[in-house]
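J.: Attaching a predicted model along with its sequence, questions to come.
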Amino acid sequence: MSSVTSDMTEITVVGEDDTGLIANVTSLLFERGINIEDLDQAVREGVFRMTMHVDTSEMVCTESKLREDLQELGEELDVDIKVRFPKDRETQSIAVLVTKESHCLEAIFEAWASGELGADIDVVIGNHSDLQPLAEKYEVPFHDIGDEKGTPDEAELLELLEEYDSDLIVLARYMRILSPDVVFRYENQIINVHPSLLPAFPGASAYMQAIEEGVRIAGVTAHYVTTDLDQGPIITQRAFNVPDDATEEELQRIGQPLEAEALLEAIELHLDQEVSVHRGRTKLRNPEETDAQLGAPEQLDELNPDRPVDGLGEFLADQDDTQVEADD
């Protein structure tokens with residue numbers, strides 16, 4: 001599914017898979033003069049998701065009436081239908097999900113406080129309460145949705161996300177897997193940072209996986225969240241050398257500042273609508289107009305050797321043969 005500009009209205013349908021869902025919703029929109037610009041649907045673990053971006057500029061009903069009609073249709077079909085109209089607020093908003101590690105949340109707060117973030121942090125949601133004091137320091141509401149083991153209440157999470165209606169959800173080292181019930185409602189609106197150069201070493205203990213596999217270069221990846229664990233479209237990456245006999249703690253010390261940096265850059269690219277998603281890959285909309293560091297520093301290109309290149313040796317060999325023939 002490709003990213004669509006924010007002047008489109010987004011309609012998301014989530015529920016049990018059943019026949020006729022798409023036809024019922026699209027028929028309702030057609031009857032109200034709404035043009036569908038983009039439609040994408042998927043089923044995962046028995047959960048159906050359809051996301052549509054539509055043009056409501058010439059619809060023949062009010063926004064409140066459309067919400068009411070879609071809600072009634074959702075109750076009839078036993079699915080959840082949400083409508084997000086283009087927002088007229090100047091500043092976008094972020095909801096941050098956390099567990100116990102503070103470095104990414106601290107970096108986001110610092111960027112916000114300095115005016116560099118370009119968005120407001122509306123809420124911090126955790127599956128533990130460890131980072132509540134940090135949220136309180138910046139006077140941002142904090143909600144603990146985890147039980148004594150840190151298992152999150154996803155129903156409460158969905159209620160909070162709907163209440164705050166944020167433009168972007170950021171997983172700042174949130175150490176829980178989001179279910180399709182959550183991910184499907186926020187397609188290309190959830191960004192996570194993972195401590196490896198994905199697709200290598202997905203899942204838990206990525207730094208330890210890197211040590212066990214003996215890699216010389218490790219890194220971090222900021223990516224959009226999909227229902228496939230750590231397989232979402234990659235936005236930014238950072239790399240670093242792995243010291244000999246490195247411990248997991250050493251790699252965390254090296255990697256955590258890069259996690260925060262890559263995550264912040266991915267957030268800014270998303271908020272500025274500089275990145276789009278198409279067929280599982282991200283692309284810059286105007287690469288010549290951004291100085292974003294998507295991967296390794298440009299200085300690395302200057303250090304890399306440029307010879308030999310495949311095919312050059314054969315070309316030179318042919319030249320040598322020609323020269324030998326001429327000498328004969």
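T.: Ah, there it is.
J.: all strands of this protein, in order?
T.: Applying DSSP state E to the chain gives strands spanning 9-16, 35-44, 47-55, 79-84, 92-98, 119-126, 142-144, 168-171, 190-194, 217-224, 234-241, 275-278, 281-284.
J.: is it possible to export those to TSV including mean pLDDT and mean neighbour count?
T.: To be clear about C-beta, it is placed using only N, CA and C from the backbone, and glycine gets the same treatment. Putting the strands of the chain into TSV (pLDDT from 0 to 100; neighbours: other Cβ atoms under 10 Å) gives the following:
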stretch	mean pLDDT	mean neighbour count
strand 9-16	92	20
strand 35-44	89	14
strand 47-55	91	20
strand 79-84	91	18
strand 92-98	96	23
strand 119-126	97	21
strand 142-144	98	18
strand 168-171	97	23
strand 190-194	98	25
strand 217-224	97	25
strand 234-241	97	20
strand 275-278	87	17
strand 281-284	91	15
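J.: hey, C-alpha coordinates of stretch 73-89 in PDB?
T.: Below are the C-alpha coordinates for stretch 73-89, written out as PDB (Å, rounded to 0.1, in the frame of the first residue of the first chain):
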ATOM      1  CA  LEU A  73     -22.900  -0.100   9.100                       C
ATOM      2  CA  GLY A  74     -20.100  -1.300  11.300                       C
ATOM      3  CA  GLU A  75     -22.600  -2.500  14.000                       C
ATOM      4  CA  GLU A  76     -24.600  -4.200  11.300                       C
ATOM      5  CA  LEU A  77     -21.600  -6.000   9.900                       C
ATOM      6  CA  ASP A  78     -20.000  -6.600  13.400                       C
ATOM      7  CA  VAL A  79     -16.800  -4.700  12.400                       C
ATOM      8  CA  ASP A  80     -15.100  -1.600  13.800                       C
ATOM      9  CA  ILE A  81     -15.100   1.300  11.300                       C
ATOM     10  CA  LYS A  82     -13.000   4.500  12.000                       C
ATOM     11  CA  VAL A  83     -12.900   7.700  10.000                       C
ATOM     12  CA  ARG A  84     -10.000  10.200  10.200                       C
ATOM     13  CA  PHE A  85     -10.700  13.400   8.400                       C
ATOM     14  CA  PRO A  86      -7.900  15.700   7.400                       C
ATOM     15  CA  LYS A  87      -6.900  17.700  10.400                       C
ATOM     16  CA  ASP A  88      -6.800  21.400  10.300                       C
ATOM     17  CA  ARG A  89      -4.500  21.800  13.300                       C
END
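J.: So what would you say the end-to-end distance of stretch 116-133 is?
T.: End-to-end distance for stretch 116-133: 23 Å, by Cα to Cα, to the nearest Å.
J.: swap in stretch 130-141?
T.: Length of stretch 130-141, first residue to last, Cα to Cα: 14 Å.
J.: for that stretch, what is the average pLDDT?
T.: The pLDDT scores in stretch 130-141 average 98.
J.: any idea how far that stretch is from the chain center?
T.: In terms of Cα atoms, centre = their mean, to the nearest Å, the centre of stretch 130-141 is set 24 Å apart from its chain centre.
J.: May I see the buried residues of that stretch?
T.: Within stretch 130-141, the residues scored as buried using 16 or more other Cβ atoms under 10 Å are 131, 132, 134, 135, 138, 140.
J.: hang on, the earlier thing: adding distance to residue 295, write the strands of the chain out as JSON lines.
T.: Below are those laid out as JSON lines (distance: least, Cβ to Cβ, whole Å):
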{"stretch": "strand 9-16", "distance to residue 295": "30"}
{"stretch": "strand 35-44", "distance to residue 295": "27"}
{"stretch": "strand 47-55", "distance to residue 295": "29"}
{"stretch": "strand 79-84", "distance to residue 295": "32"}
{"stretch": "strand 92-98", "distance to residue 295": "24"}
{"stretch": "strand 119-126", "distance to residue 295": "24"}
{"stretch": "strand 142-144", "distance to residue 295": "34"}
{"stretch": "strand 168-171", "distance to residue 295": "21"}
{"stretch": "strand 190-194", "distance to residue 295": "15"}
{"stretch": "strand 217-224", "distance to residue 295": "9"}
{"stretch": "strand 234-241", "distance to residue 295": "5"}
{"stretch": "strand 275-278", "distance to residue 295": "14"}
{"stretch": "strand 281-284", "distance to residue 295": "12"}
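J.: quick one, the longest helix belonging to the chain and strand 217-224 angle?
T.: In the chain, taking DSSP state H as the definition, the longest helix is helix 248-271. Angle, helix 248-271 to strand 217-224, by axes from the mean of the first three to the mean of the last three Cα atoms, to 10 degrees: 30 degrees.
J.: list the buried ones in helix 248-271?
T.: Residues of helix 248-271 classed as buried by neighbour count (16+ other Cβ under 10 Å): 251, 254-256, 258-271.
J.: Grab the CA positions of it and hand them over as CSV.
T.: Provided in CSV are the C-alpha atoms of helix 248-271 (Å, rounded to 0.1, in the frame of the first residue of the first chain):
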residue,chain,number,x,y,z
GLU,A,248,25.8,-7.4,25.1
GLU,A,249,26.2,-4.4,27.5
GLU,A,250,29.0,-2.9,25.4
LEU,A,251,26.8,-3.2,22.2
GLN,A,252,23.9,-1.6,24.1
ARG,A,253,26.2,1.3,25.1
ILE,A,254,27.3,1.8,21.5
GLY,A,255,23.9,1.2,19.9
GLN,A,256,21.5,3.1,22.2
PRO,A,257,22.5,6.6,21.1
LEU,A,258,22.2,5.4,17.5
GLU,A,259,18.8,4.0,18.2
ALA,A,260,17.6,7.4,19.4
GLU,A,261,19.2,9.2,16.4
ALA,A,262,17.7,6.8,13.8
LEU,A,263,14.3,6.9,15.5
LEU,A,264,14.2,10.7,15.7
GLU,A,265,15.1,11.0,12.0
ALA,A,266,12.4,8.6,11.0
ILE,A,267,9.9,10.5,13.0
GLU,A,268,10.9,13.8,11.4
LEU,A,269,10.7,12.3,7.9
HIS,A,270,7.2,10.9,8.6
LEU,A,271,5.9,14.1,10.1
